[in-house]
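# Sequence first, predicted coordinates after that:
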Amino acid sequence: MLKVEYVRDGLVEEVHVGVWVSAKPIKGFSPDNDHDSPYFIRSCAKPIQATLLIDNEIDLTPEELAFCCASHAGEDCHIKVATKLMKKLKLNEDMLKCGIHAPLSKGMQNRMIVRGDSPTVLNNNCSGKHIGFLAICDKQGWDKATYEEPTHPLQIAVKEKIYNMCGIKQEYPMTTDGCGVPIVSMPLKNLAQGYVKLLEYPQILQAIKMHPYIFGGEGRTDTEVIGKTENVIAKVGAGGLCAVLNVKECNAFVVKINDASMEARRFAIIELINRLGWGEIKYDNRITTIAGKVVGQVTVSV
């Protein structure tokens, strides 16, 4: 069991519990690999879904490919990539079914207020995935107006691809993700195995490593991890999920924080990477007052 505790002056004030699993055994560690409850894999699916872009030989630059895998923060740099890519693919914003929300970046939210701008569909953190979906539909000659429907050939292909890469042999529940497209569930160990299979798609891993900010952005844990390690790719997902792949070790682990705390997830991910020897990421786990006095710390136990 994974536990993240916030301790103030010796008293445990806040506890976040979760699980972590690995694709392969890790010497000296005992992940929760017998935990077989399924979870919706949310945006952790994006790099796996993006393998269909490679299979369909969609012409993308590394930056564009990283964007199609991203849960981006909706900043100006992301909008720039999206705009150029949509022009290249002859798409328009009205074709995207992901919906409109404010950018995840607080800095971008403030800049938009100053500029008097309103969010568009391109600020949606999933807009890159949806642009990639439309590119596949165009290549295959599939209807682009209904690409989000579970019975659409695209979504059938996406499900089959995820199941194949993650070694799924039975049906698990499906739902509609926040951005309006189907998403599957599975035991976390299968998701970790799917990330190891990404090694068969070096174009995707290289694109993410080359463009970690396009892949995430301001305040995004995956961008932080990728930028501070040599061989590690991380991808966050809603519901307290994060998948982490060590390219050199050919192994991956997945974390699920039960109460979906993003901050607790970040502490757990970084601490696990450091303990496993997959990196040396410096981070501040102190709890301080507004004036800066240290009154406690955040601890992670596995």
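All right, it came through fine.
# can you give me the helices for this protein?
For the chain, applying DSSP state H gives helices covering 46-49, 51-55, 62-68, 76-89, 106-115, 127-140, 153-166, 188-197, 202-210, 212-215, 221-227, 262-276.
# Buried residues in the longest one, which are they?
For helix 262-276, the buried set under the neighbour-count rule, 16 or more other C-beta atoms under 10 Å, comprises 264, 265, 266, 267, 268, 269, 270, 271, 272, 273, 274, 276. Backbone N, C-alpha and C define where each C-beta goes, glycine included.
# Going by distance to residue 175, which of these wins?
For the buried residues of helix 262-276, the closest approach to residue 175 (C-beta to C-beta) belongs to residue 265, at 20.5 Å.
# mind listing what the closest one touches?
18, 221, 236, 240, 241, 242, 255, 257 (C-beta atoms under 8 Å, 6 or more residues apart in numbering).
# before we move on, what about residue 176?
Taking C-beta under 8 Å, 6+ apart, one finds 182, 183 in contact with residue 176.
# Next: the one 4 residues further on.
The neighbourhood of residue 180, defined by C-beta under 8 Å, 6+ apart, consists of 97, 98, 99, 148.
# Among these, which one is most surrounded by other residues?
residue 98 (22 neighbours; other C-beta atoms under 10 Å).
# Give me the nearest residue to it, chain neighbours excluded.
residue 179 (4.1 Å; C-beta to C-beta, 6 or more residues apart in numbering).
# Check residue 24 too.
In space, residue 24 is closest to residue 251, 4.8 Å off (C-beta to C-beta, 6+ apart).
# Would you confirm that that neighbour contacts residue 29?
No. Using C-beta atoms under 8 Å, residue 251 is not in contact with residue 29, being 11.0 Å away.
# joint contacts of the two?
Joint contacts of residue 251 and residue 29 (C-beta under 8 Å, 6+ apart) are residue 22.
# Looking at the two, which is more packed in?
Higher neighbour count among residue 251 and residue 29: residue 251, with 19 against 13, using other C-beta under 10 Å.
# Of the contacts of residue 180, which belong to strands?
Here DSSP state E is the test, and these give no hits in strands at all.
# Nearest to residue 186 among those residues?
residue 148 (20.9 Å).
# Please list all residues in contact with that closest one.
97, 155, 180, 181, 182.
# Closest to residue 295 out of these?
residue 180 (43.2 Å).
# before we move on, back to that, please produce JSON lines containing the contacts of residue 265, extended by neighbour count and pLDDT.
Formatted as JSON lines, those follow (neighbours: other C-beta atoms under 10 Å; pLDDT from 0 to 100):
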{"residue": "18", "neighbour count": "22", "pLDDT": "98"}
{"residue": "221", "neighbour count": "20", "pLDDT": "98"}
{"residue": "236", "neighbour count": "25", "pLDDT": "98"}
{"residue": "240", "neighbour count": "21", "pLDDT": "97"}
{"residue": "241", "neighbour count": "24", "pLDDT": "98"}
{"residue": "242", "neighbour count": "25", "pLDDT": "98"}
{"residue": "255", "neighbour count": "25", "pLDDT": "98"}
{"residue": "257", "neighbour count": "26", "pLDDT": "98"}
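# Any chance of JSON lines for those, columns distance to residue 65?
Output for those, formatted as JSON lines (distance: C-beta to C-beta, whole Å):
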{"residue": "18", "distance to residue 65": "30"}
{"residue": "221", "distance to residue 65": "21"}
{"residue": "236", "distance to residue 65": "18"}
{"residue": "240", "distance to residue 65": "27"}
{"residue": "241", "distance to residue 65": "22"}
{"residue": "242", "distance to residue 65": "21"}
{"residue": "255", "distance to residue 65": "25"}
{"residue": "257", "distance to residue 65": "29"}
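# and which of those is nearest residue 33?
Nearest member of the contacts of residue 265 to residue 33, counting by C-beta to C-beta, is residue 255, at 13.2 Å.
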